[in-house]
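Engineer: okay, structure incoming, though there's no sequence with it:
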């Protein structure tokens, strides 16, 4: 087996040299993996017999007692003896520091009498309790203890340590603790805690340590750190040698400066993104994790966590920061400007004297090879696919083969160039000119003619790239799992040792040269033979194009980290292509796969695919996605379709004239590669991954979501769409609906006629697609996922089963193939309140779900369309609605409902297209049915066929304006008879517009209920108790013009107020007035006489 060497793609996707982890190994203090084993019982060692005189010999640090009155020894050190208890130490009352390491202490309760203790070290003993000291009845004892070391004992639990609340340092490492309990909750001043080498499975019990600065949890059984997310003062956290698969909870540690998560189970770079929440993090160690095998991990970590200055024990230098930024597209704008200025045609035609930058030569393929192929090309590709599938990976071991020999074997059945150029340089220059001419605007036929004029054939390079792609896809498919694509441990060909040996053999950069003679065929596999068009020297030397412009660095000689499963698959494909004299490169970036919900994002790249150069033009291929699809994936995908699922770290690899930013890319809807390969096309440029609908108001109708797209019509293929509630996964709407009849909550129709037909191109394929309109009714506010799938019934018509109890022919099973095409997220905000401050009306909070029509099978199969009313518009009884229906092949169209003896027919507008249109009054019925009179081939006659069944809602309250000329007297507001109406109108006219609306009058009623009494309206208006209808009646009586607003003259007329000159007195009024005046005069005379008489008396 050849000696392994470093991966050539570890540098950068751009081909620039970079500092990899392997090249910096001489400066890295690598940790050696240590197996996590249960803590064993300490081995009994010979101890020195304890004698009391040892205590006097261990005294040190002469100082003064705590009261400062007399001298005393403050420190006692005793280690390596068989001292079993602490009773002999009770006489040293002035001790402040006690060192009793590596003895045989089993209890230290007597130390409770040493009230001046501040430091205790009893590590390496046989204690089973922490600080189990005998305190006085009043709680007196060494409560001022600041530091305690109980490591390497036999502790299996932590007692309540609330009596030692002044502790700042505590070590219980190398014990048998399985849980912490509540023993540490009252240590509010604790700053350093050492829990290494225990058996902890949870961090519960640490959440109350708000002053903790340093926490060491190495060598435990921890699987989560979420419970320590509240320790916002933590500076140092070490959790190496645990079982962590994620770092949830670490992101909230804003003061964290050092983090050690080495030798855990972290398998994705995405797990490190949460550490972005620690802006002060300077030291990070991630060695020994599965993600350590990812390609260019160090540069990716430097980009994701730019605040880190010490990574895996090696300082991050400025060169690495620049390389990491450029790897993730920081220099994309600069390269784009250079390309536009110096390379306007995308290539550098200077005779091969200079090497252009990577972005300068990235000319996207337009499937010129497929356009130029003759009719036999399809059979040739099938033959190549069968040949690639027949070569088993294990045959390389049996024959002593290698990567180059495999490439020779694969390309042996490919076409050879029909014409040879005068030299390698001339061939490269001619191919370059051919691609440049096509780039300038010529079609594919012109490109083919240019290539033929250059003396080259387009098929050999395409066939070699295709056979390499098919071999990789076919033989890694059995191990393809979506959850394993970013796993560094998942094997490519299987778990047996033989499969692992094949993987190691093929992924080695520079295998030994094959023997010059033909290789004997291995047992059970096809014969390995060399290509007649390549010599052994050619197989061992790079192609002229690669020599002129290398796309990858030279293969290193040290064993590399080959990366995740997707990275290894892409790398294997590129190595095979290079061995077949094709330029190829791996491209890391972001991938929107089927398991990623719309609107959900990842913060670190999660995929790797490849680019291969065929006839001077680049093709983007993803062998991983093809393997996940079982090999059913096209070899050519246009960049315009590829960008919907893939976003490379380097913007140049988008192969688009104007690359998309990452923010714009995340906003794109999820459209799978099968969506474009099947000839589909998005019909609305405003469609996004997350679509926000307008909020419905109380008492209204919830909106329906509309999606427009184009899809070809094929026999046995149907377009289905389903609406799921995101939180519960409940299916709330689907088309076709399972339950017939109305109301339906999903609807689908095509745009009939020539307007609905468009041509969709996918490479060399052309599809005649029809525009589809898809509606989904939302049941309530919330978040939903809309999926569009392609369902195809497999040939054979299904299977029939004869079951007992079922009539003949029994049960028929349909076998269908379903493929996800499109998925978006729909968000409906909460219901907006209708009762705002100025309304004054209490509306019903109930809302109505939009009823959609139910379409018959004839409506869908014949391509019918209901233009108006639009499907999401609810029909109300007695309203006049325009109906416009397109039914190809129908002679008559009518509307039928309960209570109608005959259908109400729609007159034809355009007989050629089958358009029928008129305006009809919606009947009073629960539903109505649109019917068409068409020829029925089964009955050999014409008959009425149902098209759509539409739900009819009861008529909502509305005002119909009927203009009626009414003459009103002109009342002067200053007229003394109109002063009361003038005051009321001024109060009602809030905006001083000389007109009063319904809203203004309701606002005035709220402020002054007397106005409602004067106008004979209810003082409080509610929509449910009949007071609103009374208010409407009064308002319509005042609003004689029926414009929704009334003037002062209309209010005066309602209050029976006329101008002063229009009042006329009658004869009875005159008699009454004259009688009243005469009576007053007589009264005065009588009163005068009476007064005179009284005066005389």
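Structural biologist: Noted; the coordinates are in hand. Small disclaimer: the values here were computed from a predicted structure and weren't measured. Residues are numbered from 1 along each chain as shown.

Engineer: looking at it, residue 588 is touching residue 571, isn't it?
Structural biologist: No - at 10.9 Å, residue 588 does not count as touching residue 571 under the criterion of Cβ atoms under 8 Å. (Glycine included, C-beta is placed from N, CA and C.)

Engineer: quick one: contacts for residue 826?
Structural biologist: 691, 693, 705, 723, 776, 778, 783-786 (Cβ atoms under 8 Å, 6 or more residues apart in numbering).

Engineer: ok so it is a strand residue?
Structural biologist: Yes - counting by DSSP: H, G, I helix; E, B strand; the rest coil, residue 826 is part of a strand.

Engineer: from residue 112, how far out is it?
Structural biologist: Distance, residue 826 to residue 112, by Cβ to Cβ, to the nearest Å: 68 Å.

Engineer: likewise residue 590?
Structural biologist: To residue 112, residue 590 is 62 Å away according to Cβ to Cβ.

Engineer: please apply the same query to residue 94.
Structural biologist: Counting by Cβ to Cβ, the gap from residue 94 to residue 112 is 15 Å.

Engineer: of these two, who's got more company?
Structural biologist: Shown here are residue 94 and residue 112; by other Cβ atoms under 10 Å, residue 112 has more neighbours (21 against 17).

Engineer: pretty sure the more buried one contacts residue 141?
Structural biologist: Yes - between residue 112 and residue 141 a contact is recorded at 4.5 Å, counting by Cβ under 8 Å.

Engineer: now do the shared contacts for those two.
Structural biologist: Taking Cβ under 8 Å, 6+ apart as the contact rule, residue 112 and residue 141 both touch 133-135.

Engineer: excluding covalently adjacent residues, which one is nearest to residue 1004?
Structural biologist: In space, and not counting its chain neighbours, residue 1004 is closest to residue 988: 4.8 Å by Cβ to Cβ, 6 or more residues apart in numbering.

Engineer: what does the one you found show for phi and psi?
Structural biologist: Taking degrees, to the nearest 10, you get phi -80, psi -40 for the backbone angles of residue 988.

Engineer: how far away is residue 150 from residue 932?
Structural biologist: Separation of residue 150 from residue 932 (Cβ to Cβ) stands at 89 Å.

Engineer: who has more neighbours, those two?
Structural biologist: Just comparing residue 150 and residue 932: by other Cβ under 10 Å the higher neighbour count belongs to residue 932, 28 against 25.

Engineer: in a strand, the more buried one, correct?
Structural biologist: Yes - counting by three-state DSSP, residue 932 is located in a strand.

Engineer: need the contact list for it.
Structural biologist: Contact analysis of residue 932 by Cβ under 8 Å, 6+ apart lists 858, 864, 887, 890, 892-893, 944-945, 947.

Engineer: what mean pLDDT does stretch 254-263 get?
Structural biologist: Averaging pLDDT along stretch 254-263 yields 93.

Engineer: what's the answer for stretch 390-403, then?
Structural biologist: For stretch 390-403, mean pLDDT rounds to 83.

Engineer: give the buried residues for it.
Structural biologist: Neighbour counts over stretch 390-403 (16 or more other Cβ atoms under 10 Å) mark 391-399, 401-403 as buried.

Engineer: now stretch 277-284
Structural biologist: 278, 281, 283-284.

Engineer: what of stretch 784-797?
Structural biologist: 784-790, 792.

Engineer: quick check: which element contains the most centrally placed residue in the chain?
Structural biologist: Centroid check for the chain by Cα atoms, centre = their mean gives residue 600 as the closest residue, at 1.5 Å. Following DSSP states H and E, one finds residue 600 outside all helices and strands.

Engineer: just the pLDDT at it, thanks.
Structural biologist: 89.

Engineer: ok, it to residue 628 distance?
Structural biologist: For residue 600, the distance to residue 628 (Cβ to Cβ) stands at 19 Å.

Engineer: and if you look at residue 710?
Structural biologist: 26 Å.

Engineer: residue contacts, the residue nearest to residue 126 when sequence neighbours are not counted?
Structural biologist: Nearest non-adjacent residue to residue 126, counting by Cβ to Cβ, 6+ apart: residue 106, 5.0 Å away. The neighbours of residue 106, taking Cβ under 8 Å, 6+ apart as the test, are 84-85, 125-128.

Engineer: just residue 987 next, same as before
Structural biologist: 1004, 1008, 1011 are the contacts of residue 987 under Cβ under 8 Å, 6+ apart.

Engineer: how many other residues sit next to residue 886?
Structural biologist: Residues lying near residue 886 (other Cβ under 10 Å) number 25.

Engineer: so what's it bridging to?
Structural biologist: On the basis of DSSP bridges, residue 886 is bridged to residue 865, residue 915.

Engineer: the closest residue to residue 678 other than its chain neighbours sits in which helix or strand?
Structural biologist: Excluding its sequence neighbours, the residue lying closest to residue 678 (Cβ to Cβ, 6+ apart) is residue 790, at 6.2 Å. Secondary structure from DSSP H and E places residue 790 in strand 782-793.

Engineer: over to residue 818?
Structural biologist: Element membership for residue 818 (DSSP H and E) is strand 816-828.

Engineer: next SSE downstream of that strand?
Structural biologist: Next helix or strand after strand 816-828 toward the C-terminus (DSSP H and E): strand 854-855.
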